[in-house]
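Student: dropping a prediction and its sequence here:
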Amino acid sequence: MDQAKFIHYKVDVPTIDEDHLRIFTILENMKWKYTDEEMIRLLVSELESLLEFHFADEEKYMEQMGFPYIAAHRNAHAELLYFIQGLMKRMDIKQGYSIKYIADTVSKQFSHHIDWHDMQYAEFAKKQSKEGS
């Protein structure tokens with residue numbers, strides 16, 4: 001993913017920002033770089049593992065800072081994983097979902113998640129930082 005496009009999705013937590021970039025990069029590779037089914041399956045597996053790790057890391061970060069909406073954010077993570085896993089299963093059983101469609105759909109959902117949910121804790125962290133200064 002082009003770094004300039006990625007700026008919009010920064011939450012100013014280096015490890016989380018790195019994960020976001022890796023997730024978007026995997027999705028871009030799924031759309032444009034690979035056509036081999038075996039490679040796509042490896043990317044899907046990597047994406048699912050990375051999302052699970054990323055969500056756990058993000059939740060730990062929110063707990064540490066005392067983010068008041070962590071329960072809603074956890075629910076959003078669970079819903080997004082469920083949605084993504086459902087799309088991946090459709091790919092597995094050949095229901096006509098193209099890799100590009102799946103990658104586009106996941107990318108849009110993940111972008112929305114960052115815009116709506118992640119930016120909430122990013123703003124909370126900034127306020128906490130200012131109050132602590």
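Tutor: Looks like it came in fine.
Student: can you tell me which residues contact the residue nearest in space to the middle of the chain?
Tutor: Of all residues in the chain, the one closest to the mean position by CA atoms, centre = their mean is residue 110, 4.8 Å from it. Going by CB atoms under 8 Å, 6 or more residues apart in numbering, residue 110 touches 23, 24, 27, 80. For every residue, glycine as well, the C-beta is placed using N, CA and C.
Student: average pLDDT across the helix or strand where it lies?
Tutor: Residue 110 belongs to helix 99-113 when elements are defined using DSSP states H and E. Averaging pLDDT along helix 99-113 yields 88.
Student: any idea which helix or strand comes after it?
Tutor: Following helix 99-113 in sequence, per DSSP H and E, is helix 119-132.
Student: show residues contacting that next one.
Tutor: With CB under 8 Å, 6+ apart, helix 119-132 has contacts from 11, 12, 13, 58, 61, 62, 65, 66, 67, 68, 69, 73.
Student: report the helix or strand with the lowest average pLDDT across the protein.
Tutor: helix 3-6 (a mean of 66; mean pLDDT, DSSP states H and E).
Student: so which elements touch the following helix or strand past it?
Tutor: Going down the chain from helix 3-6, the next helix or strand is helix 14-28, by DSSP H and E. Packing partners of helix 14-28 (3 or more CB pairs under 8 Å, 6 or more residues apart in numbering; DSSP states H and E): helix 3-6, helix 37-65, helix 99-113.
Student: now the helix holding residue 110 - C-alpha only, PDB.
Tutor: The C-alpha trace of helix 99-113 is given here as PDB (Å, rounded to 0.1, in the frame of the first residue of the first chain):
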ATOM      1  CA  ILE A  99     -10.400 -13.000  -4.700                       C
ATOM      2  CA  LYS A 100     -10.600  -9.300  -5.700                       C
ATOM      3  CA  TYR A 101     -14.100  -9.000  -4.500                       C
ATOM      4  CA  ILE A 102     -13.200 -10.600  -1.100                       C
ATOM      5  CA  ALA A 103     -10.100  -8.400  -0.700                       C
ATOM      6  CA  ASP A 104     -12.000  -5.200  -1.700                       C
ATOM      7  CA  THR A 105     -14.800  -6.000   0.700                       C
ATOM      8  CA  VAL A 106     -12.400  -6.900   3.600                       C
ATOM      9  CA  SER A 107     -10.400  -3.700   2.900                       C
ATOM     10  CA  LYS A 108     -13.500  -1.600   3.000                       C
ATOM     11  CA  GLN A 109     -14.700  -3.100   6.300                       C
ATOM     12  CA  PHE A 110     -11.300  -2.800   7.800                       C
ATOM     13  CA  SER A 111     -11.000   0.800   6.700                       C
ATOM     14  CA  HIS A 112     -14.400   1.500   8.300                       C
ATOM     15  CA  HIS A 113     -13.300  -0.200  11.500                       C
END
